[in-house]
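Asks: when you get a sec, could you give me coordinates for this:
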Amino acid sequence: MTRMTTKISREGASVTIHVEGRIDTISAPALDDTVCEALKDETIMDLAVDFAAVSYVSSAGLRTFLAAKKRMEERGGTLLLKNCSSNVKKLMRITEADSLLTIE
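Replies: From the prediction side, this is the model:
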């Protein structure tokens, strides 16, 4: 099992969370904590999650992103999931999360 790690980078009112590894039932709560930490600053208006090094996303991970989208919308901001692999895009399509989330 690949352990999930995260790194946060900020530029102005934008934050990117770089994720590496698997986003599953075990790691999703830690990712949710990272999202909450990144959004403590109310001036953050754009949140991006970089999936370039993500190997797997479960339904628990999807819940994390749907909750993050809701938080961003409440403050008038945006959420972008970027660098998603074809497998992650397929999961988003199958679950119809691609109609709710902005995926690049």
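Asks: bridging residues for R22?
Replies: For R22, the beta-bridge partners are Y56 (DSSP bridges).
Asks: now do the SS call for I8.
Replies: For I8, the reduced secondary structure class is strand; criterion used: DSSP: H, G, I helix; E, B strand; the rest coil.
Asks: correction: the previous question concerned K40.
Replies: For K40, the reduced secondary structure class is coil; criterion used: three-state DSSP.
Asks: burial of it, as a residue count?
Replies: Number of residues near K40 (other C-beta atoms under 10 Å) recorded here: 7. (Glycine included, C-beta is placed from N, CA and C.)
Asks: kindly report the same for F51.
Replies: The number of residues packed near F51 is 22, by other C-beta under 10 Å.
Asks: for this structure, which helix is longest?
Replies: Longest helix in the chain by number of residues (criterion: DSSP state H): helix 59-74.
Asks: alpha carbons of that helix, in PDB - could you do that?
Replies: What follows is the C-alpha trace of helix 59-74 in PDB, where atoms were taken according to Å, rounded to 0.1, in the frame of the first residue of the first chain:
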ATOM      1  CA  SER A  59     -15.500   7.100  -2.800                       C
ATOM      2  CA  ALA A  60     -14.100   8.400   0.500                       C
ATOM      3  CA  GLY A  61     -11.800  10.600  -1.600                       C
ATOM      4  CA  LEU A  62     -14.700  11.800  -3.700                       C
ATOM      5  CA  ARG A  63     -16.500  12.900  -0.600                       C
ATOM      6  CA  THR A  64     -13.500  14.900   0.400                       C
ATOM      7  CA  PHE A  65     -13.600  16.800  -2.900                       C
ATOM      8  CA  LEU A  66     -17.300  17.300  -2.900                       C
ATOM      9  CA  ALA A  67     -17.100  18.800   0.600                       C
ATOM     10  CA  ALA A  68     -14.100  21.000  -0.500                       C
ATOM     11  CA  LYS A  69     -16.200  22.300  -3.500                       C
ATOM     12  CA  LYS A  70     -19.000  23.200  -1.100                       C
ATOM     13  CA  ARG A  71     -16.700  25.100   1.200                       C
ATOM     14  CA  MET A  72     -15.200  26.900  -1.800                       C
ATOM     15  CA  GLU A  73     -18.600  27.800  -3.200                       C
ATOM     16  CA  GLU A  74     -19.700  29.100   0.200                       C
END
